[in-house]
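Asks: my questions concern the predicted model and sequence given below.
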Amino acid sequence: MDKEKIISFIKQYLGILWDYIKKYLSILWNFIKKYWKRYQLTRWIIAIILFIMVISSIYLTFIAKTSHVKNLQSNLSRSTVIYDQNGKKAGNLYAQKGTYVASDKISPNLSNAIIATEDRNFYHEHGFSVKGYARAILLAIKNKIMHDNQISSGGSTISQQLAKNTFLSQQQTLSRKFKELFISIEIENIYSKKQIITMYMNNAYFGNGVYGVQDASRKYFGMDAKDLPVQDAATLAGMLQNPSNNPIDHPEAAKARRNVVIGLMGETGKIPESEVKTYQSKPMEVHDDLDDQNGYKYPYYFDAVINEAISQYGLSEKQIMNDGYKIYTSLNQQQQQSFQDDFKDPSLFPSNASDGTKVQAASIAVNPKNGGVQAVVGGRGDTVFRGYNRATDMRRQPGSALKPLSVYTPALENGFSYDSMLNDKLQSYGKNHYTPQNFSQTYTGKIPMYKAIAESLNAPAVWTLNKIGVDKGYDSLQKFGIPVTKKDNNLAIALGGLTTGVSPQQMAGAYTAFANQGKVSTPFYITKIVDSTGKTVATHENNTSQIISADTARQMTSMLLDVFQPGGTSATGKPSGYEVAGKTGTTEDDTSSDNQAVRDWWVIGYTPDVVVASWEGFDNTNSDKHLEIANGSNSINTLFKNQMQDILPYTDGNKFKVKDANTRYMQKQQDSLLGDDNSSNSTTNNIREKLGQVSQKASDVAHNLVDDVKSFLGQ
């Protein structure tokens, strides 16, 4: 078959196919016409379209009305300020915000340049441009056809740009454009044109992390915004579309864009056309005179404040950073600064790993009376905004620091005493033959409870928990606020073995019960949040509860004082001239054969005025990165002692109302010997002891009553 026959056959076949198509299209069209008219489909389509438009309008109006546009000016004109526990300013939180200046502090040359470039009909429109929206819709349709869901540009007015920058994301979707439209109309309903252009200029981004015309004027030209000449005002206006083309980073591009803006100012009559070339010929003179003071003085604390405002009070990061809140906190600036200074001092920490990796650390100070966090540092080295905070985010095994919570507190509440004799033997428990060992590998057979705690012995702790029942230890941890799961309900909790571990903040919160007569306080940062209009939008509610008796707390404190006495595991951590109670903890490094190698080091120490929890270790422990328990090396006691010596002189200086257990035990032994010689003296001593107990009970009741009254009065 030759070529012409093939072509003829194809044409014939296509002709037949087209006839069939026309036939069935005709049938289909007749069918549609028949039923279209019968069921009035045109009206239905119009009704559906109108319904969609009404619902969309209601939704978008709701978005606009609930965006708190009436607070926009006050939000933009104020930075979010953080205050300490005394109501003193501690620093600023800000993003997309510079120094706000009133309209009379801004050169009219700048508003003229912006209007000529960005929105020529600004004074003759009500927040939107019909032509601009038509162009945006056509671009959206084109991008849909091209399988691109974003619109590349879209005729936004100054009011729309202000709405986008302050209330919406930068994602250029059609839904965002319609939200932008309705919010911009609401802005126009509330504010004058002069107020709108002023807010826009104060909120605009000008590159190099600089927001607002005042800071931009200082950054690029070394002058205030009110003094800007035409050529410099044109430069700033030209940067709005592309802030990277600024006079510092790209001077030639900035100058070229400036001259375009000057030309537009001439076209729109903002400057005489005869002066356009004169201004365009002026050199680009740059002078950076911006005093870029960082108000983010306490990064770990401020990060924690932001996180709590988001998680506890429902604010967004954008709101917190931009809406001019006043956030009142429990911050103690003296304690915070001393913590930060300590973490910069390498002499307070163990040596780096062989590859130079720093030993990491975290510390937190909490007010035991109410749980207010007074200071927090979450790591050594550089910080990043809302980065990893080891004091709050980390979960590590607490080791022996858990013993007072999981073993000895429930033991006291189940008939044991500070001088009860505990078994100190190498023995196994259960079907899996769990066999705890003392670190020293030595055992005395019997040992009083207070010594077992001071020396942090493992065998007596497990024996005691087994004696009172694991369930009691598990329940005790829950009362102290330690996160546990059903998998943790075993003897390993006696030595700090937990499924997920704990943070320093959680440990500090648990130990508040010992410092506060048995009342545990959940750590918190924010006491109150006030918005830019002066309205209080959030207030901390007291979260303190009595979980153990005041007597049990006092007995635990008596034993925990010995931890910082000679023979205790933190004898070298005792601050000079002060009494501190607490507990240390270490966890073994399973990756090393060195029996001196540990993964975690803990100290939780307290006075009646403050609880401090500190941790040291490597983020990733291995055979080359671990801590060493060895003479002469800086242990965590070095850091802790320095921290307490820095902050305790500035606390109220309240004293413990109980002696350390070792002193009490020695006094008891002495009284017992004297009692053998003189039974009457023994009787007298017994009476005195009973009277002393009654007096202490009365004191506890009085203290609890005072605390309840203070809580009722909001103090």
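Replies: Ah, there it is. Numbers count the residues shown, from 1 in each chain.
Asks: against residue 488, how distant is residue 566?
Replies: 34 Å (C-beta to C-beta, to the nearest Å). All C-beta atoms are positioned from the backbone trio N, CA, C, and that covers glycine.
Asks: which residue ranges of the stretch 501-650 of the chain form strands?
Replies: Assignment of strands within the stretch 501-650 of the chain using DSSP state E, counting those that start in this stretch yields the ranges 519-521, 526-530, 536-539, 544-546, 581-588, 597-606, 611-617, 627-628.
Asks: could you do the stretch 51-200 of the chain as well?
Replies: Ranges of strands in the stretch 51-200 of the chain, per DSSP E, counting those that start in this stretch, are 80-83, 89-93.
Asks: tell me how far stretch 534-553 lies from the chain's centre.
Replies: 21 Å (C-alpha atoms, centre = their mean, to the nearest Å).
Asks: tell me which residues in that stretch are buried?
Replies: Buried residues in stretch 534-553, counted by 16 or more other C-beta atoms under 10 Å: 538, 540, 544, 547-548, 550-553.
Asks: residues in contact with residue 639?
Replies: 342, 348-349, 361, 363, 614, 616 (C-beta atoms under 8 Å, 6 or more residues apart in numbering).
Asks: and residue 123, how many neighbours?
Replies: 10 (other C-beta atoms under 10 Å).
Asks: I figured it hits residue 193, correct?
Replies: Yes: using C-beta atoms under 8 Å, residue 123 is in contact with residue 193, at 5.8 Å.
Asks: can you pull out the helices in the stretch 201-350 of the chain?
Replies: Assigned by DSSP state H, counting those that start in this stretch, the helices in the stretch 201-350 of the chain fall at 213-221, 230-238, 251-267, 276-280, 299-313, 317-322, 333-343.
Asks: looking at these, which is nearest to residue 431?
Replies: Of all the helices of the stretch 201-350 of the chain, it is helix 299-313 that lies closest to residue 431, at 42.3 Å by C-beta to C-beta.
Asks: the closest one versus strand 89-93: what angle between them?
Replies: Orientation of helix 299-313 against strand 89-93 (axes from the mean of the first three to the mean of the last three C-alpha atoms, to 10 degrees) gives an angle of 70 degrees.
Asks: picking up where we left off before, tell me the most buried of the strands of the stretch 501-650 of the chain?
Replies: Each of these was scored by mean neighbour count; the highest is strand 611-617, a mean of 28, by mean count of other C-beta atoms under 10 Å.
Asks: note down every partner strand of that strand and its orientation.
Replies: Within its sheet, strand 611-617 is paired with strand 360-366 (antiparallel), strand 597-606 (antiparallel), according to DSSP bridges.
Asks: dump those strands into a markdown table; add distance to residue 274 as well.
Replies: Converted to a markdown table, those look like this (distance: least, C-beta to C-beta, whole Å):
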| stretch | distance to residue 274 |
| --- | --- |
| strand 360-366 | 67 |
| strand 597-606 | 77 |
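Asks: pretty sure residue 389 sits against residue 305.
Replies: No: under the criterion of C-beta under 8 Å, residue 389 is not in contact with residue 305, lying 11.5 Å apart.
Asks: residue 551 and residue 363, how far apart?
Replies: As judged by C-beta to C-beta, residue 551 and residue 363 stand 30 Å apart.
Asks: meant to ask about residue 75, not that
Replies: Residue 75 sits 35 Å away from residue 363, going by C-beta to C-beta.
Asks: same drill for these two, tell me which one is more crowded.
Replies: Set side by side, residue 75 and residue 363 show more neighbours around residue 363, with 28 against 22, by other C-beta under 10 Å.
Asks: the closest residue to that one other than its chain neighbours: what's it in contact with?
Replies: In space, and not counting its chain neighbours, residue 363 is closest to residue 614: 4.3 Å by C-beta to C-beta, 6 or more residues apart in numbering. Neighbour list for residue 614: 361-363, 504, 602-604, 636, 639-640, 643 [criterion: C-beta under 8 Å, 6+ apart].
Asks: now swap in residue 538 and tell me
Replies: If you count contacts by C-beta under 8 Å, 6+ apart, residue 538 has them with 309, 312-313, 526, 528-529.
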